[in-house]
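> Sharing a sequence plus its predicted fold:
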Amino acid sequence: MSGSLSEPTFLTPDDAGYAAETAGFQTGFPVRPELVVAARSPEEVRGAVAYAAERGLPLAVQATGHGLAGPVDGGVLVSTRRMDGVRVDPAARTARIEAGARWGQVVAAAAPHGLAPLNGSSPGVGAVSYTLRGGLGILGREFGWAADRVRSLELVPPDGEPVTVTGASDPELFGRLLGGGGPALGVVTALETGLVPVARLYGGSLLFTDGGAGGVEAVVRAWREWTAGVPEALTSSLAVMVYPELPFVPEHLRGRYTASVRIAYTGDAAEGERLVAPLRAAAGRRPLEDTLREMPSRESHTIHSDPDQPHAYYGEGRLLGALDPAAIGPLLERTGPDSPLWTVVQLNHLGGALARPAANSVPHREAGYLVRLLSVLGDAPGNGTSPDQVRARYAEVFGALGPAVLGPARGFAFGAGGDAVAA
């Protein structure tokens, strides 16, 4: 390279730490770069960017590896996991977040000041990479996309010195980096984003099941109708899945077809209960599990309780103008208990602040809903699936949604091929 970087910052495939440094949460699409730069500073990132540019090598960035770093075989991978500083300014209600910091760190730093970031459902996801792809948070309907709150970006461009980019200094580049950029524009080493005054919320989940597809479909229909009347301060999503027959799954859920409604509301708990009451009634059954409660914002990750163990998976998402009631049955038929492919379906209610204009590249802000599909890859019981099989099945599922599909959701493309489609 240049001699300025030494072990263990500079790793090649023959080095002992190479495999650990290239590993991420997503294990289904391993990367094989020629060089890994385990960066600790913007200066080391600049060295990696210059090295790749001088040799015409592909360049990619990885923090937690929940998504894909991008095409990097034979190229340079910048690992930012060591750059994980978080600094909160409670007076300005901002946080400076380095490229490798995870959402759990940001939430923990903001909470003592009665503030919260626009974090997603999982505390282990990288905050900067999530935000650069738009970022759909658990409070999105009230406060917008995570990209909407960004004040500035610290960027190492492909051919120059590190710079700070704002909406005033370079509005075109600022907008392209948020929601539509990539390593071709440079590497973001840190960003400053606005925080929101949320110290506690009413949230949790309602898990419904009756062992039959008809019951689950009724819950999905009830949730869709219910979302038409909720205030912007209430953001919700719904996940439908068949729980696998595996030892780590609670016995009472194994093999059961379920619909789980996840809710985050920033009003008081009594009003939250009143708002949820029509959904409980319309669902026509008592939930098998009910975790709705008032909680401090630092516990927001318990609403979804996302898995925290690395595994192989594939996922894609599509933004919908509306969720046609006639499309719900076909969607569930193609993904439910009789489907040859084990699939988690997640529906997110959008609108509200998510629909308002902002100076970034987050597309299709007019969308009313987001539908996401995710499947486990490999030879685990009930799977035995390859990426090609999953992509083919997803094309059929999304095709059944017809003209309601506005376009792909780039932030929810989890697998080789899915990124290409979303881009």
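Yep, that arrived.
> And the strands in the stretch 1-150 of the chain?
10-11, 35-38, 59-62, 76-79, 86-89, 94-98, 150-156 (DSSP state E, counting those that start in this stretch).
> quick one, which of those is nearest to residue 195?
Checking the strands of the stretch 1-150 of the chain against residue 195 by CB to CB gives strand 94-98 as the closest, at 5.7 Å. From N, CA and C alone the C-beta is placed, and that goes for glycine too.
> Direction included, what does the closest one pair against?
According to DSSP bridges, strand 94-98 forms sheet pairs with strand 86-89 (antiparallel), strand 187-194 (antiparallel).
> Touching the last one from outside, list them.
Meaning strand 187-194. For strand 187-194, contacts defined as CB atoms under 8 Å, 6 or more residues apart in numbering pick out 42, 45, 48-49, 59, 61, 78, 80, 83, 85, 93-99, 117-118, 128, 131-132, 146, 149-156, 162, 177.
> Run the chain-centre distance for it.
17 Å (CA atoms, centre = their mean, to the nearest Å).
> Check which element follows that strand along the chain.
Sequence order places strand 200-208 as the next helix or strand after strand 187-194, per DSSP states H and E.
> for that following strand, packing partners?
Applying 3 or more CB pairs under 8 Å, 6 or more residues apart in numbering; DSSP states H and E, we find strand 200-208 packed against helix 213-227, strand 257-265, helix 269-283, strand 289-290, strand 293-296.
> okay, residue 202: pLDDT?
The model reports residue 202 with a pLDDT of 98.
> Report the buried residues of stretch 175-192.
Across stretch 175-192, burial judged by 16 or more other CB atoms under 10 Å covers 175-183, 185-192.
> I meant to write stretch 145-163 there.
Neighbour count says stretch 145-163 has 145-150, 152-157, 162 buried, by 16+ other CB under 10 Å.
> tell me the mean pLDDT over that stretch?
Mean pLDDT, stretch 145-163: 94.
> likewise stretch 407-423?
Mean per-residue pLDDT for stretch 407-423: 67.
> Please shift the residue numbers so they start at 3 in all later answers.
Sure, I'll start counting at 3 from here, so that last one is stretch 409-425.
> which regions of the stretch 103-252 of the chain sit below the pLDDT cut-off?
For the stretch 103-252 of the chain, applying pLDDT under 70 flags the ranges 183-185, 213-215.
> Same question for the stretch 253-402 of the chain.
Short version for the stretch 253-402 of the chain, where the test is pLDDT under 70: 381-386.
> contacting residues around residue 125?
104-106, 109, 303.
> Closest one to residue 403 out of the buried residues of stretch 147-165, please.
Among those, and counting by CB to CB, the member closest to residue 403 is residue 147, at 22.1 Å.
> Now the phi/psi pair for the closest one, please.
phi -70, psi 150 (degrees, to the nearest 10).
> Isn't it up against residue 356?
Yes - the pair residue 147 / residue 356 is scored as a contact, 6.1 Å apart, by CB atoms under 8 Å.
> any shared contact partners between those two?
residue 138.
> Could you verify that residue 182 is part of a helix?
No - according to DSSP: H, G, I helix; E, B strand; the rest coil, the state of residue 182 is coil, so it is not within a helix.
> contacting residues around it?
When contacts are counted by CB under 8 Å, 6+ apart, residue 182 touches 362-365, 412.
> now those as TSV including distance to residue 39, neighbour count and secondary structure?
Putting those into TSV (distance: CB to CB, whole Å; neighbours: other CB atoms under 10 Å; DSSP: H, G, I helix; E, B strand; the rest coil) gives the following:
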residue	distance to residue 39	neighbour count	secondary structure
362	28	24	coil
363	27	17	coil
364	29	23	coil
365	31	17	coil
412	25	22	helix
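> Can you tell me which of these is nearest residue 329?
For the contacts of residue 182, the nearest to residue 329 is residue 365 (21.1 Å; CB to CB).
> roughly how far apart are the closest one and residue 136?
Distance of residue 365 to residue 136, computed by CB to CB, to the nearest Å: 8 Å.
> Mutual contacts of those two, please.
Residues touching both residue 365 and residue 136 (CB under 8 Å, 6+ apart): 181, 412.
> before we move on, back to that, burial-wise, tell me which of the helices and strands packed on strand 202-210 comes out on top.
Of all these, strand 259-267 carries the top mean neighbour count, a mean of 24, counting by mean count of other CB atoms under 10 Å.
> what packs against that strand?
strand 202-210, helix 215-229, strand 236-244, helix 271-285.
> Quickly note the distance from residue 109 to residue 355.
20 Å.
> same deal with residue 280?
23 Å.
> same question, residue 79
Residue 79 sits at a distance of 35 Å from residue 355 (criterion: CB to CB).
> So which of those two has more stuff around it?
residue 79 (27 against 20; other CB atoms under 10 Å).
> And the pLDDT for the more buried one?
pLDDT at residue 79 comes out at 95.
> pretty sure it contacts residue 26?
No - here residue 79 does not reach residue 26: they are 10.3 Å apart, not a contact under CB under 8 Å.
> shared neighbours of these two, anything?
Common neighbours of residue 79 and residue 26 (criterion: CB under 8 Å, 6+ apart): 64, 71.
> so which of the strands of the stretch 3-152 of the chain gets nearest residue 417?
Closest to residue 417 of the strands of the stretch 3-152 of the chain is strand 61-64 (CB to CB; 15.0 Å).
> ok, the closest one: who's next to it in the sheet?
strand 78-81 (parallel).
> got a list of contacts for the partner strand?
23-24, 33, 35-41, 47, 50-51, 53-54, 59-65, 71, 102, 189.
> In CSV: the strands of the stretch 3-152 of the chain, plus distance to residue 408.
As requested, the strands of the stretch 3-152 of the chain are exported to CSV (distance: least, CB to CB, whole Å):
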stretch, distance to residue 408
strand 12-13, 41
strand 37-40, 37
strand 61-64, 28
strand 78-81, 33
strand 88-91, 34
strand 96-100, 30
strand 152-158, 23
